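Fold the following.
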Amino acid sequence: MNQLPKRHTDTVAVITGGAQGVGRAIATRLADEGCTKLLLTGRSVEKGAAAVADFKARGVMAHFVSLDLQDAQGCLNLIDHAVATFGTVTCLVNAAGCAARGSITDTTPEAFDEMFATNVRGPFFLMQGFVKHRLTQDGSGSIVNILSNCAHCGQSYLAPYSSSKGALATLTKNVANAHRFDRIHCNAILPGWMDTPGEDGTQRKYHGASDGWLEQAEATQPMRQLAKPDQLAGLAAYLLSEEAGIMTGALIDYDQNVPGSYPE
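Reported below is the predicted structural model:
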């Protein structure tokens, strides 16, 4: 493997969903590029403890905080906790989210509220806390939000999920625009179908999938694979680095299918 650039030696990152999947992959990539201060969140204390142990074995000062993104005050407190722990926070990654199913006809008000509280309100207040902190540091800093290609439309059984990701897309641009003169970057990645532990659980819970579903699914894809977290992590690390230059407000489709295309 080629030697990775050490462009994150000064990075202090808060990563939601950092104990597994995309969040864990981004945290690992940042550590590979020199980051030694990571605050990870998630719901599973067991998975969080395992992630922290792995990072500490590499010499990374990693901490885990159990957090339900529906807890707005908890989201605000998280940034304060990170600042108290590390002295500052320079990067925020909103990778956690809810992917429950629901169509326009069968989604309950409770399910809708849970989806938006998790996928929109939680990131909103995490970004609020992050931006407020960065303003006390004379600006600068980077946010990366992990959305979904479903923000463009999504399947019929993903009505509230797709809507929440569309809302976060607009919020990404709004934050980027509002704080561009503060040099606070806010960008988003919109991955397509991904191979993650969460997706495995979703396929089994909602779609009756059994062992071997991943291999069958990948055989049908243009590039013969689903998107992999460690591949996406390189893009996230770039967006969080100074190499991204002036880039802000970008919504980057990360998929092998092109939105708006049609069969030949």
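
tell me the secondary structure for the closest residue in space to A250 that isn't next to it in sequence?
Closest residue to A250 apart from its sequence neighbours, by CB to CB, 6 or more residues apart in numbering: N187 at 4.6 Å. Backbone N, C-alpha and C define where each C-beta goes, glycine included. Recorded secondary structure, N187: strand (DSSP: H, G, I helix; E, B strand; the rest coil).

what sits against N187?
142-145, 172, 176, 239, 244, 247-252 (CB atoms under 8 Å, 6 or more residues apart in numbering).

Can you say which of the residues you listed are buried?
142-145, 172, 176, 239, 244, 248, 251-252 (16 or more other CB atoms under 10 Å).

Longest helix in this protein, please.
In the chain, with assignment by DSSP state H, the single longest helix is helix 159-178.

Now do the buried residues in that one.
Within helix 159-178, the residues that qualify as buried by neighbour count (16+ other CB under 10 Å) are 159-169, 171-173, 175-176.

what's the closest of those residues to A117?
S164 (9.3 Å; CB to CB).

who touches the closest one in this structure?
97-98, 115-116, 118-120.

Show me where this protein has its strands.
12-16, 37-42, 61-66, 91-94, 142-146, 185-191, 251-254 (DSSP state E).

Can you say which of those is packed in most?
strand 91-94 (a mean of 28; mean count of other CB atoms under 10 Å).

Which elements pack onto that strand?
Under the contact definition 3 or more CB pairs under 8 Å, 6 or more residues apart in numbering; DSSP states H and E, strand 91-94 sits against strand 12-16, helix 21-32, helix 122-136, strand 142-146.

ok, back up a step: any chance of JSON lines for the contacts of S164, columns pLDDT and distance to L38?
Putting those into JSON lines (pLDDT from 0 to 100; distance: CB to CB, whole Å) gives the following:
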{"residue": "G97", "pLDDT": "94", "distance to L38": "19"}
{"residue": "C98", "pLDDT": "93", "distance to L38": "23"}
{"residue": "M115", "pLDDT": "97", "distance to L38": "27"}
{"residue": "F116", "pLDDT": "98", "distance to L38": "28"}
{"residue": "T118", "pLDDT": "97", "distance to L38": "22"}
{"residue": "N119", "pLDDT": "98", "distance to L38": "23"}
{"residue": "V120", "pLDDT": "98", "distance to L38": "24"}
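
now those residues in TSV, with distance to T41 and neighbour count?
Shown next, in TSV, are the contacts of S164 (distance: CB to CB, whole Å; neighbours: other CB atoms under 10 Å):
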residue	distance to T41	neighbour count
G97	12	25
C98	14	18
M115	18	25
F116	19	20
T118	12	19
N119	15	26
V120	17	20
